[in-house]
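Visitor: Provided below for reference: sequence and predicted model.
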Amino acid sequence: MTFIPPTPRRSFLRSSGIGLSSIAIAQLLDSEANAAASMPHHAPRAKHVIYLHMIGAPSQLDMFDFKPELRKRHNEPCPPEVTKDRDFAFIGKTSTLAGTPWKFHRHGQSGQQMSELLPHLGSVADELAVIRSVHNEEINHAPAQMFLHSGFGRGGRPSFGSWVTYGLGSENRDLPSYVVLVTGAKGGAGTSLWSTGFLPSIYQGIQFRSTGDPVLFLSSPEGETREDRRRVLDAVGDLNRRRLEQTGDREIETRISQYELAYRMQASVPELMNIGDETKETLASYGAQPGKSSFANNCLLARRMVERGVRLIELYDADWDHHGNIENRLPAKCKDIDQPIAALIRDLQQRGLLQDTLIVWGSEFGRTPLNQGSTKGKGLSGRDHHKDAYTMWLAGGGIKGGVSYGQSDDFGMDVAEDPVHVHDLNATILHLLGLNHERLTYRYQGREFRLTDVHGRVVHDIIS
């Protein structure tokens, strides 16, 4: 019998002609084919995520985690045993205790406790599951942001949003499945927070802007018609397909797909970003103003994106790093976010979208129960970074509303009950989306990687 040597993969692809590549391209350009698995691992409770990340770390002790003992002992020397074997980013271990200067109130039937800085959010308190026992591994902003978003404190790993879109794909072929909106300076880890890392670049987060061109370079050059763009795109696509036949390179697949998506976005994005067609009542409820760049506008855009099937929308809001002048800066920042977030929750609820949309609020870490800077015996100057016990909350998509989970100790220094590690938080979010965090993996450099590394548990007590 004559031995026939096996055909090399690249030779097979070249000899197969256009037929095989056409099948591959057709599948790729199908919105449901752009995922590792087009079906979740189990029945999802949520289909979309709106992730609200406060860049710089808000003070949980002045917003969500009231400590009467800390207020009682304000400006007293911190007991040495509280700071023993502990490192802080900027302050020493001999700092004074710092109670909050703001009043706290109970809200809703659940009696959820929040600061007077958040009156609007208090009106939807019964929709929130507040976790007061979150802890992280990193003490500085960029590493902690990367750890929260990728499960690793250095760059190079896929972001949370990239993992989700890799696992679930898109519901709208005319818009990206993962969109990022930013107010203020990016700060910290910057654009790496929506990077694909080692995943195919098709899962990259796409930043939209609320003023000017929504997406950089999306508009055609002056004098070029849509028909001109279509002809150029067809020609470039043909060259890319020929190269794909020769190499089988997945990044060429991505390039073809993204060019086609960009072409479709030229029609879909301007309509999406035009909040001027919302009612006056809706605009007023958010505090949104067409043509402006603001967190309020971005919250309204997030609702519009959910309506159109965008899988994951992440809103970044800057300037929460309050090492000083916190008594002026924190109220200003709370005013920026309080009304828009409450309006977003109510708006989604009224439209029947909240049950399918998971909202996550939080940051890379919290702030210390110690004063940073001199107050001459009065008030509160600032607070340093604190990773060992802080607050995040979730609402919507499968979350049990009106729940308080976990506690920090009397000073807010350590977790006293029901700790929730960042890996646990991410495992829970993926679970609500129908993804098993232990099965959502990608093989790279000889090993299987996942968002939660080799850790993580689902916090079932906050799931309805």
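Guide: Yep, that arrived.
Visitor: Might you calculate how far stretch 159-176 sits from the centre of the chain?
Guide: Stretch 159-176 has its average C-alpha position 13 Å from the chain's average C-alpha position, going by C-alpha atoms, centre = their mean, to the nearest Å.
Visitor: Please disregard the earlier target; I meant stretch 358-370.
Guide: That offset, for stretch 358-370, works out to 13 Å (C-alpha atoms, centre = their mean).
Visitor: now swap in stretch 165-181 and tell me
Guide: Distance, centroid of stretch 165-181 to centroid of chain: 13 Å (C-alpha atoms, centre = their mean).
Visitor: swap in stretch 106-115?
Guide: Chain-centre distance of stretch 106-115: 25 Å, with C-alpha atoms, centre = their mean.
Visitor: Likewise for stretch 153-165?
Guide: Distance of stretch 153-165 from its chain centroid, counting by C-alpha atoms, centre = their mean, is 11 Å.
Visitor: Check stretch 133-141 too.
Guide: The answer for stretch 133-141 is 16 Å, by C-alpha atoms, centre = their mean.
Visitor: now do the same end-to-end measure for that stretch.
Guide: Taking C-alpha to C-alpha, to the nearest Å, stretch 133-141 runs 19 Å from one end to the other.
Visitor: lowest average confidence, helix or strand, in the protein?
Guide: helix 17-29 (a mean of 41; mean pLDDT, DSSP states H and E).
Visitor: Skip ahead from that one and say which helix or strand is next.
Guide: strand 48-54 (DSSP states H and E).
Visitor: and that following strand, what does it pack onto?
Guide: helix 160-168, helix 295-307, strand 312-317, helix 326-350, strand 357-362 (3 or more C-beta pairs under 8 Å, 6 or more residues apart in numbering; DSSP states H and E). Where C-beta positions appear, they are placed from N, C-alpha and C, glycine not excepted.
Visitor: which of these is buried the deepest?
Guide: Each of the helices and strands packed on strand 48-54 was scored by mean neighbour count; the highest is helix 160-168, a mean of 27, by mean count of other C-beta atoms under 10 Å.
Visitor: Going toward the C-terminus from that helix, what's the next helix or strand?
Guide: With DSSP H and E, the next secondary element past helix 160-168 is strand 178-183.
Visitor: Over the helix or strand following that next one, what's the mean pLDDT, rounded is fine.
Guide: For strand 178-183, the following helix or strand on the C-terminal side (DSSP H and E) is strand 206-208. When pLDDT is averaged over strand 206-208, the result is 91.
Visitor: who touches the residue nearest to S464 when sequence neighbours are not counted in this structure?
Guide: Nearest residue to S464 in three dimensions, chain neighbours excluded: K400, at 4.3 Å (C-beta to C-beta, 6 or more residues apart in numbering). By C-beta atoms under 8 Å, 6 or more residues apart in numbering, the contact set of K400 is A129, D461, I462, I463, S464.
Visitor: 7 Å - rerun?
Guide: By C-beta atoms under 7 Å, 6 or more residues apart in numbering, the contact list for K400 reads A129, I462, I463, S464.
Visitor: And L330, by the same measure?
Guide: Each residue near L330 by C-beta under 7 Å, 6+ apart is listed here: S59, D62, L117, H322.
Visitor: How about Q372?
Guide: Shown in contact with Q372 (C-beta under 7 Å, 6+ apart): F90, I91, H323, G324, S381, G382, R383, D384.
Visitor: returning to that earlier point: the helices and strands packed on strand 48-54: which one's closest to S110?
Guide: When the helices and strands packed on strand 48-54 are compared by C-beta to C-beta, helix 326-350 sits nearest S110, at 14.4 Å.
Visitor: now the closest one, how far from the centre of its chain.
Guide: Worked out by C-alpha atoms, centre = their mean, helix 326-350 lies 17 Å from the chain centre.
Visitor: Please apply the same query to stretch 373-387.
Guide: On C-alpha atoms, centre = their mean, the centre of stretch 373-387 falls 29 Å from the chain's centre.
Visitor: Give the buried residues for it.
Guide: G373, T375, L380, S381, G382, R383, D384, H385, H386, K387 (16 or more other C-beta atoms under 10 Å).
Visitor: Please apply the same query to stretch 280-293.
Guide: Residues of stretch 280-293 classed as buried: L283, S285, Y286, G287, A288 (neighbour count, 16+ other C-beta under 10 Å).
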